[in-house]
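Asks: Predicted model, plus sequence, below.
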There are 2 protein chains.
Amino acid sequence: RERSPLEMSLDRKFDLIAKAIDANKAKFIERLREAVAIRSVSAEPEHRDDVIEMLDWVNKKLESLGAKTEKVSLGKQTLPNGMILTLPPVLFATLGDAPTKKTLLVYGHLDVQPAKKEDGWDSEPFELIEKNGQLCGRGATDDKGPIMAWLNAIEMFQSTKVDIPVNIKFCFEGMEESGSLGLEEALNARKNTWLSDVDFTCISDNYWLGTSKPCITYGLRGVSYFSIEIIGSNQDLHSGTYGGNVYEPLADVVWMLAQLTDLDGTILIDGIYDLVSKVTVEERKLYEAIDFDQEQYRRTIGAKKLSRSSKSELLMNIWRYPSLSIHGIEGAFDGQGAKTVIPAKVIGKFSIRLVPNMDGETVEKLVIGYLDKIWQKRNSPNSYRAYQNHTGRYWLTDFKHPHYQCGARAIKRVFDTIPDYTREGCSIPITLTFEELTGNNVMLLPIGGGDDMAHSQNEKINIRNYIEGTKMLAAYLLELGSL
Amino acid sequence: RERSPLEMSLDRKFDLIAKAIDANKAKFIERLREAVAIRSVSAEPEHRDDVIEMLDWVNKKLESLGAKTEKVSLGKQTLPNGMILTLPPVLFATLGDAPTKKTLLVYGHLDVQPAKKEDGWDSEPFELIEKNGQLCGRGATDDKGPIMAWLNAIEMFQSTKVDIPVNIKFCFEGMEESGSLGLEEALNARKNTWLSDVDFTCISDNYWLGTSKPCITYGLRGVSYFSIEIIGSNQDLHSGTYGGNVYEPLADVVWMLAQLTDLDGTILIDGIYDLVSKVTVEERKLYEAIDFDQEQYRRTIGAKKLSRSSKSELLMNIWRYPSLSIHGIEGAFDGQGAKTVIPAKVIGKFSIRLVPNMDGETVEKLVIGYLDKIWQKRNSPNSYRAYQNHTGRYWLTDFKHPHYQCGARAIKRVFDTIPDYTREGCSIPITLTFEELTGNNVMLLPIGGGDDMAHSQNEKINIRNYIEGTKMLAAYLLELGSL
């Protein structure tokens, strides 16, 4: 068959850029090495300056690519210990303002999780090492690698003199690993200005499901976090001196927590599952077609057994069903050794992952109602209070949207495969914020592999993912011109 | 009536010493302040050196009083995480070796429970503060205050040149709050040497029942400490990414812990109560005569309701019945805020207080058997291990012994009242060891008040208890001359 002029043109442009990317592989790895070397750990006050340095470093790169940049101050942060820190700024940048072009918004984060060699890393976490086709270092995949891939791709458009068919806006923050403090407010304030002409948003901050097949992500779970606070006395008591005569709050709280789920994780809170959208036959087929190695998934985490036995059920369990996890008990003895105390005040903490169509308010009502009910049944004289700490909504979009088809064609071009359309069990609250503030489609287009160990020891990105991922982003930018 | 020469002499001697004690009050408070400032927390590896420093500090004081001292190394301790720590030495000291005198053994401990201001203390726990007649600080009453009272009393005998009518041996350890590791072996090894001439043992490491009436204690509960360890994965998991697909160890452990007691504290472990000696009519009468204000007891701790409604039942509950307390869960999130992790490995911790005739071995068998049984019922695929951390026996002796009458006369002299004869709900396992190794009577002669909050926030000792307690120990030493 004959190719259309557009397709022809795309082919040619992509070939040019892809060759340039291959030719610059060493440079791109060096670029990532420099980025990893900056210890931009947002959770550690002593590295706050490194986070700011990291933002400056990217700021300079964007400027050298011709972007107009703006660093916006986000105010102060008060730590639980009372320490007050200046938040790192958020970096907004604009590359191109042709009124004839659509505008893409790219989001990413330049801060990383804490890492120390003694946590169990095989090498220094902030020195990128290359081994067996992997680039290992903190932030290699989460999220410095993908951000470098954006910079790489744009640079190659410019060096090959291929026109980028969209205007691009960048939103790079330095607090994602610490709750994205201040970001939502800064974006809200720009809803009718800087954000008003954004036509689609793309985020590369998640991972392929497995290790070989690319995917595009169209859904995330939300989360509601709850606390059960029980007070038995005005201070901790010696279990010898008081044990037997007091109603122990910790006994109350474990009794309460034990009634939230059954063995296989089914949530026992009345009415929760009534909120969950029903699985259709068509939807179930989607899960059956996904490339997902459940045995590898189990082995990676070292679990003896998973709570479901089929691939579809496992995927549905983390993508489209709620789950309830108990996280801990504030106030109880959590150290090593054998302290013999009856804690005076304990706070049991758990969270529920939200999926369509669970709205936070209804979930809160059901959960608190259930806790109140079982507390009545407990009949303890202790003081009790249950409350929701926070809630973040789920996100689900239509992966048949033309924007997603651009991503799919880019993947087909680079990896010669149709991507899986996936969802994620975790929350990236900013996704929903972008969708709501721009009123337009958001796509999660991951570059890293499912075994990249983000947040964990020996975080890495495969050289293949990094380089072919750069090509994929370039191809995606080319495809956006057709919208 | 005419006084006997001995009695006359005692009166005069006591008056001299009592006046000297009053005159040195400020110095004694300063001494306690210095002791409290040393953070001798035996449970925290980072404070192991402080425990050793605390022992050295008392060693020097004893030497300056003329005692012959010996620090005996107790070997190593392996923490559950595999870390190996050197145990603090035990301090043995001998003051006087007149063959014509009887020999008293004094035991105490120089380590303290953990304490942090943010646990809810009104002031820095390791800075003794004086307020409303109270000396507040970690270890003020448990057990640094009483040990200082011994040092004070002996110093005042010496400054007033009154002969101490007994030889005194001291055994001061630094691991009491962590199971007295190594001490029993060290004492066993000295059964036929250093301990062979001990005629009576006195321990000031417990508390009055209330706040105004002194008591002498003739019974203690023992304690067996247990851990339930459950492992679900090889690393902590993100509850978004894995929640719903894994069997969560924390859900298992709260389920297990919730089946140990019912609401009012009744232990659900099969066979436990069969081991407990039956209450006789005569024994019940003892409890009815004790000066115990149950309403004040309840108010002091701020509990809304106690688990029993009569004085006798409350006293029996902490003195002669077992109790089970849950202490916490190692590995679970215990901080403030909202961490969304599925802990990989959790260790639920609880202890059972032992009473006549519960032997540790049988209790261990019953507890582990019960845990194994309910774990079977749980049917979780996670790794499970339940074990006893340590066990310490109960102790019960005859309070009509002449040694106890010396204590009673000392109390009469200082406080002008007949003491209550009490038991304690808590454990001082070494009591039994001393009784068995010396073959002689052991008496618990408390100095602190019932509201001193040992092991808790705002631990304190009243200045009255500290100073009059010092006089009581002096009077007791004088009385021992009559035996």
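Replies: Received the coordinates, thanks. Numbers count the residues shown, from 1 in each chain, chains lettered A, B, ... in the order given.
Asks: Every contact and neighbour count from this point should use C-alpha atoms.
Replies: Will do.
Asks: A:Gly448 touches A:Thr141, doesn't it?
Replies: Yes - in this structure, A:Gly448 sits in contact with A:Thr141. The criterion is CA atoms under 8 Å, and the distance is 5.8 Å.
Asks: and A:Lys131, how far is that from chain B?
Replies: Computed with CA to the nearest CA, to the nearest Å, the distance linking A:Lys131 and chain B is 23 Å.
Asks: if we can go back for a sec, and for A:Gly448 and A:Thr141, which residues touch both?
Replies: A:Ile461 (CA atoms under 8 Å, 6 or more residues apart in numbering or on different chains).
Asks: Ignoring the adjacent residues along the chain, who's closest to the most centrally placed residue in chain A?
Replies: Of all residues in chain A, the one closest to the mean position by CA atoms, centre = their mean is A:Ile428, 4.5 Å from it. Taking CA to CA, 6 or more residues apart in numbering or on different chains as the measure, A:Ile428 lies nearest to A:Leu220, with 7.2 Å between them; neighbours along the chain are not counted.
Asks: now A:Ser196
Replies: Distances taken as CA to CA, 6+ apart place A:Thr438 nearest to A:Ser196, at 6.3 Å, with adjacent residues excluded.
Asks: Ok, A:Val41 next?
Replies: Nearest-residue entry for A:Val41: A:Val112, 4.9 Å, with adjacent residues in sequence omitted and distances by CA to CA, 6+ apart.
Asks: Would you mark the buried spots in the lowest-mean-pLDDT helix or strand in chain A?
Replies: Using mean pLDDT, DSSP states H and E, helix A:5-23 stands out as the lowest-scoring helix or strand of chain A, at a mean of 87. Neighbour counts over helix A:5-23 (16 or more other CA atoms under 10 Å in any protein chain shown) mark A:10, A:13-14, A:16-18, A:20-21 as buried.
Asks: what packs against the next helix or strand after it?
Replies: Elements were assigned by DSSP states H and E; along the chain past helix A:5-23, the next helix or strand is helix A:25-37. Using 3 or more CA pairs under 8 Å, 6 or more residues apart in numbering or on different chains; DSSP states H and E as the contact test, the elements touching helix A:25-37 are helix A:144-159.
Asks: Quickly list what A:Val246 is bridged to.
Replies: Note on A:Val246: beta-bridge partners B:Leu306, judged by DSSP bridges.
Asks: quick one: contacts for the residue lying farthest from the centre of chain A?
Replies: Among the C-alpha atoms of chain A, the one most distant from their mean position (CA atoms, centre = their mean) is that of A:Thr241, at 48.2 Å. A:Thr241 sits next to B:318, B:424-426 when contact means CA under 8 Å, 6+ apart.
Asks: Doesn't it lie inside a helix?
Replies: Yes - membership of A:Thr241 in a helix is supported by DSSP: H, G, I helix; E, B strand; the rest coil.
Asks: Tell me how far the least confident helix or strand of chain A lies from the chain's centre.
Replies: In terms of CA atoms, centre = their mean, to the nearest Å, the gap separating the centre of helix A:5-23 from the centre of its chain is 31 Å.
Asks: So the residue farthest from the centre of chain A versus B:Glu424, what's the distance?
Replies: Relative to B:Glu424, A:Thr241 is positioned 7 Å away (CA to CA, to the nearest Å).
Asks: Now the common contact residues for the two.
Replies: With CA under 8 Å, 6+ apart applied, the overlap between the contact sets of A:Thr241 and B:Glu424 consists of B:Ile318.
Asks: what does the stretch 51-200 of chain A put close to chain B?
Replies: In this structure, the stretch 51-200 of chain A approaches chain B at residues A:Pro80, judged by CA under 8 Å from any CA of the partner chain.
Asks: coming back round to it: just checking, what packs against the least confident helix or strand of chain A?
Replies: Judged by 3+ CA pairs under 8 Å, 6+ apart, the packing partners of helix A:5-23 are helix A:144-159, helix A:463-480.
Asks: Look at the residue nearest to A:Val41 and report its pLDDT.
Replies: At A:Val112, the model reports a pLDDT of 94.
Asks: can you tell me which residues contact it?
Replies: Shown here is A:Val112, whose contacts under the criterion CA under 8 Å, 6+ apart are A:39-42, A:138-139, A:142-143, A:177.
Asks: and A:His109, bridged to which residues?
Replies: A:His109 forms beta bridges with A:Glu173, as assigned by DSSP bridges.
Asks: Burial check on it, number of neighbours?
Replies: 25 (other CA atoms under 10 Å in any protein chain shown).
Asks: re earlier: would you turn the contacts of A:Val112 into JSON lines with secondary structure and neighbour count?
Replies: As requested, the contacts of A:Val112 are arranged in JSON lines below (DSSP: H, G, I helix; E, B strand; the rest coil; neighbours: other CA atoms under 10 Å in any protein chain shown):
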{"residue": "A:Arg39", "secondary structure": "coil", "neighbour count": "26"}
{"residue": "A:Ser40", "secondary structure": "coil", "neighbour count": "29"}
{"residue": "A:Val41", "secondary structure": "strand", "neighbour count": "25"}
{"residue": "A:Ser42", "secondary structure": "coil", "neighbour count": "27"}
{"residue": "A:Arg138", "secondary structure": "coil", "neighbour count": "38"}
{"residue": "A:Gly139", "secondary structure": "coil", "neighbour count": "33"}
{"residue": "A:Asp142", "secondary structure": "coil", "neighbour count": "30"}
{"residue": "A:Asp143", "secondary structure": "coil", "neighbour count": "22"}
{"residue": "A:Glu177", "secondary structure": "helix", "neighbour count": "19"}
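Asks: Looking at the residues you listed, spot the one nearest A:Ala26.
Replies: Ranking the contacts of A:Val112 by separation from A:Ala26, with CA to CA as the measure, puts A:Gly139 on top at 18.3 Å.
Asks: What separation do you get for the closest one and chain B?
Replies: Shown here: A:Gly139 relative to chain B, a distance of 17 Å by CA to the nearest CA.
Asks: That residue touches A:Ile461, doesn't it?
Replies: No - with contact defined as CA under 8 Å, A:Gly139 does not count as touching A:Ile461 (9.0 Å).
Asks: so is A:Gly335 in a helix, a strand, or just coil?
Replies: Secondary structure, three-state DSSP: A:Gly335 is coil.
Asks: Any idea how far stretch A:77-86 is from the middle of the chain?
Replies: Its chain's C-alpha centre lies 24 Å from the corresponding centre of stretch A:77-86 when counted by CA atoms, centre = their mean.
Asks: neighbouring contacts of the helix or strand hosting A:Met256?
Replies: Under DSSP H and E, the secondary-structure element containing A:Met256 is helix A:249-257. Helix A:249-257 is contacted from outside by A:228-232, A:326, A:332, A:342-348, A:371, A:374-375, A:378, A:380, A:382, B:251, B:254-255, B:257-258, B:261, B:263, B:325-328, using CA under 8 Å, 6+ apart.
Asks: Is it possible to mark the buried ones in those residues?
Replies: Judged by 16+ other CA under 10 Å, buried ones among these: A:228-232, A:326, A:332, A:342-348, A:371, A:375, A:380, A:382, B:251, B:254-255, B:257-258, B:261, B:263, B:325-328.
Asks: The stretch 51-200 of chain A: helices as residue ranges?
Replies: For the stretch 51-200 of chain A, the helices defined by DSSP state H, counting those that start in this stretch occupy A:144-159, A:183-188.
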